[in-house]
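Asks: what shape does this take:
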Amino acid sequence: KSQAKWEKTIQSENFDWTLPAAFPIQQAPKLPTDLPDLTAKFDYQDPFTFSAWIRPESPNGVILSKSEDYFEAEGHQWFLMEGKLRLHITRRFTDISLRIETAAPVRLNQWQHVAITYDGYRKGAGVHMYVDGVDQPLKILFDELTYPFGPKEPWRIGAGAGPKYVFQGEIRDVRIDKSALTPEQVATLPLKETVSRIAGMPAAARSSAQSHKLRFSFLDKFAPVEIKQALAGLDEARQERRKYYESIPTVMIMAENPKPRETFLLKRGAYDQHGDRVEPKTPASLPGFKSEWPNNRLGLAKWMVDRGNPLTARVAVNRYWQMLFGTGLVKTSEDFGAQGEWPVHPELLDWLAVEFMDNGWNIRHILKTIVTSSTYRQSSRVTPELLQKDPENRLLARGPRLRLSAEMVRDQALAVSGLLVDKVGGPSVKPYQPPGLWQELVGGKGYTADKGEGLYRRSIYTYWKRTIAPPSMVTFDSPTRESCIVRETRTNTPLQALHLMNDVTYLEAARKLAERAMRHGGIPYAFQLVLARPPKDHESKILQSVFDQLHARYAADREAAGKYLNQGESPRDPRLDIVDLAAHTGVASLLLNLDETVTKE
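Replies: This is a model prediction of the structure:
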């Protein structure tokens with residue numbers, strides 16, 4: 001009733017309305033056009049709507065993109081291919097991508113309105129494409145969008161998939177929305193009639209799109225308060241539903257094949273010489289499936305964590321023991337089979353496995369149990385007698401002593417300096433790395449370090465390019481990830497000391513640690529932060545002597561002090577004297593390089 005009353009009042013006015021757009025772009029001055037100032041950013045879970053008027057002169061051409069300028073690039077590409085509308089949302093073209101196209105081509109050399117919506121739920125079923133407001137039949141070409149991305153490229157109109165796909169023709173009235181418009185909303189976008197003109201038409205003569213435009217304009221601008229409140233409640237409910245959906249854990253699996261492929265023993269290993277047919281089954285030396293379990297991956301998962309399985313819990317607690325003691329109760333943690341080592345304390349391994357299962361497979365509980373034990377809390381001091389009887393500490397007569405892992409060495413330095421960003425989750429980050437390394441190995445644009453908090457995230461989030469490991473990690477024996485390594489090596493090389501004394505990460509951390517020390521308690525405070533104990537008298541004398549030498553040197557050469565402190569992106573505290581800060585930084589660098597600092601004992 002309210003709308004009918006409003007329609008009569010609006011007929012005599014020259015009023016028009018269109019759906020508000022998050023990022024409306026009018027006629028592009030030329031094609032192709034980069035939009036470097038556009039702040040719209042989309043990841044694989046972000047819904048969107050793209051739309052535009054196009055007059056294509058060629059069957060191939062990009063309408064809108066945010067990707068590097070080649071066909072298989074990471075990012076979003078919406079374009080014409082052989083006349084058909086096509087969408088690429090790509091993390092990696094070969095296996096992490098969503099590719100969809102319309103079944104029918106668009107018209108060449110004619111103006112038409114095109115639009116596309118994506119609901120953000122990572123599946124092709126959530127994509128719709130429209131021509132002149134009409135939903136088009138689609139063909140899903142690839143449907144495996146499972147990983148976040150975000151290329152640092154501008155939005156482009158008319159290009160972004162390589163030279164072959166530069167748009168030939170005209171594009172105007174581009175819209176980018178950070179939501180998936182409904183089919184009814186999209187249907188209003190191509191309409192040229194004003195709201196006043198539609199209101200003056202008999203209701204029976206209006207098309208469905210015209211009726212939608214009239215209704216949306218009324219709800220947006222003229223609806224009574226109670227109706228607007230109801231709409232706001234509806235939007236809030238939809239947002240809550242989406243938050244719930246995003247909170248549901250997911251796991252990547254392929255669909256179960258209703259007709260699994262037949263598998264045979266191969267005679268003498270020849271692929272074309274079939275022997276007896278075999279079925280999926282667990283090793284005969286271990287308990288079999290229970291009758292209520294399905295003979296598929298779900299059944300295998302139930303079998304793996306079943307209390308009657310003697311393997312899973314033992315393997316898990318042995319790796320936690322290895323992490324804390326340096327060596328597992330079974331030294332060959334990568335091999336629990338016939339070729340592996342027998343556990344040195346089999347009863348202890350059994351007890352830990354049962355304790356782990358009895359407490360709901362709680363990792364925090366089992367780690368706390370180990371580190372609060374009298375065995376772990378022993379002194380790691382070694383005597384000649386113990387070294388002779390038990391050189392590898394397999395009998396656990398002393399506490400563990402081993403160098404920290406590569407990730408822990410860096411994270412510890414960032415933590416004591418106050419630089420560590422202790423945020424959980426998110427995409428990979430790119431901390432400092434020597435210039436030119438990537439270009440030397442693979443060419444291309446090379447490595448560009450992040451700015452801000454990306455430089456100081458925990459090492460677990462460090463970007464890792466295939467076959468090019470972060471050099472700071474490799475220096476401290478991190479596996480290259482070219483193969484699975486369960487048991488890391490531990491070495492002690494001069495290169496590690498050079499790294500700790502010269503790499504920008506540790507020089508910057510030393511400067512920030514020095515700033516903390518100067519504000520709170522000087523060198524003893526820094527010592528306590530790094531080593532978790534106060535310095536002994538002879539240690540204090542040595543550190544004071546080092547400080548005095550550095551202070552005298554930098555007082556005579558303030559320019560050298562400035563160069564020494566000019567490391568890293570974090571700002572220097574201008575309130576602190578440059579000579580005092582440089583001397584304290586030198587002492588802090590020494591502390592970060594101590595054997596006791598990088599060793600767990």
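Asks: so what's T489 closest to, chain neighbours aside?
Replies: Spatial nearest neighbour of T489, chain neighbours left out: D477 (5.1 Å); criterion: CB to CB, 6 or more residues apart in numbering. For the C-beta atoms, the positions are set from N, CA and C on the backbone; glycine is no exception.
Asks: what is the neighbour count of that neighbour?
Replies: 17 (other CB atoms under 10 Å).
Asks: and what of the one 3 residues further on?
Replies: Residues lying near T480 (other CB under 10 Å) number 13.
Asks: I'd guessed it sits against P471; true?
Replies: No - look at T480 against P471 with CB atoms under 8 Å: they stay out of range, at 11.0 Å.
Asks: helix, strand or coil for the residue nearest to T489?
Replies: coil (DSSP: H, G, I helix; E, B strand; the rest coil).
Asks: give me the distance between it and Y506.
Replies: D477 sits 17 Å away from Y506, going by CB to CB, to the nearest Å.
Asks: could you do K84 as well?
Replies: 55 Å.
Asks: more neighbours, the two?
Replies: Each of K84 and Y506 has its neighbours counted (other CB under 10 Å); Y506 has more, 26 against 20.
Asks: what's the first helix or strand after the host helix or strand of that one?
Replies: Element membership of Y506, judged by DSSP states H and E, is helix 504-520. Counting by DSSP H and E, the element after helix 504-520 in chain order, helix or strand, is helix 522-531.
Asks: which neighbouring elements make contact with that next one?
Replies: helix 504-520, helix 537-556, helix 578-592 (3 or more CB pairs under 8 Å, 6 or more residues apart in numbering; DSSP states H and E).
Asks: okay, those helices in TSV with distance to E7 and mean pLDDT next?
Replies: TSV is the format used below for these (distance: least, CB to CB, whole Å; pLDDT from 0 to 100):
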stretch	distance to E7	mean pLDDT
helix 504-520	66	95
helix 537-556	81	95
helix 578-592	73	95
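Asks: tabulate the ones you listed (TSV), appending distance to D350.
Replies: What follows is those, written out as TSV (distance: least, CB to CB, whole Å):
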stretch	distance to D350
helix 504-520	43
helix 537-556	44
helix 578-592	41
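Asks: which one of those helices lies nearest to T263?
Replies: helix 504-520 (50.4 Å; CB to CB).
Asks: show me what contacts the residue sitting nearest the centre point of the chain?
Replies: Taking CA atoms, centre = their mean as the criterion, P427 is the residue nearest the geometric centre of the chain, at 2.2 Å. Residues counted as contacts of P427 (CB atoms under 8 Å, 6 or more residues apart in numbering) are P148, F149, G150, Y461.
Asks: low-confidence bits of the stretch 1-150 of the chain, can you list those?
Replies: Applying pLDDT under 70 to the stretch 1-150 of the chain flags the ranges 26-29.
Asks: what segments of it are helices?
Replies: For the stretch 1-150 of the chain, the helices defined by DSSP state H, counting those that start in this stretch occupy 2-10.
Asks: tell me the contacts of the residue nearest to E482 when sequence neighbours are not counted?
Replies: What sits nearest to E482 in space, not counting adjacent residues and going by CB to CB, 6+ apart, is T467, at 6.7 Å. By CB under 8 Å, 6+ apart, the contact list for T467 reads L441, T480, E482.
Asks: can I get these in TSV with secondary structure?
Replies: What follows is those, written out as TSV (three-state DSSP):
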residue	secondary structure
L441	helix
T480	coil
E482	coil
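Asks: looking at the residues you listed, which is nearest K368?
Replies: Nearest to K368 among the contacts of T467, with distances taken as CB to CB, is T480, at 32.4 Å.
Asks: now that closest one: how far from M473?
Replies: T480 is 9 Å from M473, by CB to CB.
Asks: one more: T250?
Replies: Between T250 and M473 the distance is 29 Å, computed by CB to CB.
Asks: out of these two, which sits in the busier spot?
Replies: M473 (20 against 8).
Asks: model confidence score at the more buried one, please.
Replies: M473 carries a pLDDT value of 88.
Asks: wait, what's in contact with the nearest residue to it once chain neighbours are set aside?
Replies: Using CB to CB, 6+ apart and skipping the chain neighbours, the partner closest in space to M473 is A406 (4.5 Å). Residues counted as contacts of A406 (CB under 8 Å, 6+ apart) are S459, S472, M473, V474, T475, F476, D477, S478.
Asks: for the residues you listed, give me CSV that also has distance to D358.
Replies: Output for these, formatted as CSV (distance: CB to CB, whole Å):
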residue, distance to D358
S459, 33
S472, 40
M473, 36
V474, 40
T475, 41
F476, 36
D477, 35
S478, 34
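Asks: in ChimeraX, how would I select the buried members of those?
Replies: Filtering these down to the buried ones (16 or more other CB atoms under 10 Å) takes a single ChimeraX command:
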select :459,472,473,475,476,477,478
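Asks: so which of the contacts of A406 is the closest to E341?
Replies: Looking across those and measuring by CB to CB, the closest to E341 is D477, at 21.4 Å.
Asks: residue contacts, that closest one?
Replies: With contact taken as CB under 8 Å, 6+ apart, D477 is in contact with S405, A406, E488, T489, R490, T491.
Asks: surely P471 touches L437?
Replies: Yes - counting by CB under 8 Å, P471 touches L437, with 6.7 Å between them.
Asks: give me the more crowded residue out of those two.
Replies: Neighbours per residue, other CB under 10 Å: of P471 and L437, the larger number sits with L437, 15 against 12.
Asks: pretty sure that one is touching A469, no?
Replies: No - the criterion here is CB under 8 Å, and L437 misses it with A469 at 10.3 Å.
Asks: any idea of the mean pLDDT in stretch 185-197?
Replies: Here the average pLDDT along stretch 185-197 is 93.
Asks: quick one: pLDDT of the residue nearest to T489?
Replies: 87.
Asks: quick revisit: need the contacts of D477 in a markdown table (columns: pLDDT, secondary structure and distance to R261).
Replies: Converted to a markdown table, the contacts of D477 look like this (pLDDT from 0 to 100; DSSP: H, G, I helix; E, B strand; the rest coil; distance: CB to CB, whole Å):
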| residue | pLDDT | secondary structure | distance to R261 |
| --- | --- | --- | --- |
| S405 | 90 | coil | 41 |
| A406 | 90 | helix | 42 |
| E488 | 82 | coil | 37 |
| T489 | 82 | coil | 40 |
| R490 | 83 | coil | 44 |
| T491 | 84 | coil | 46 |
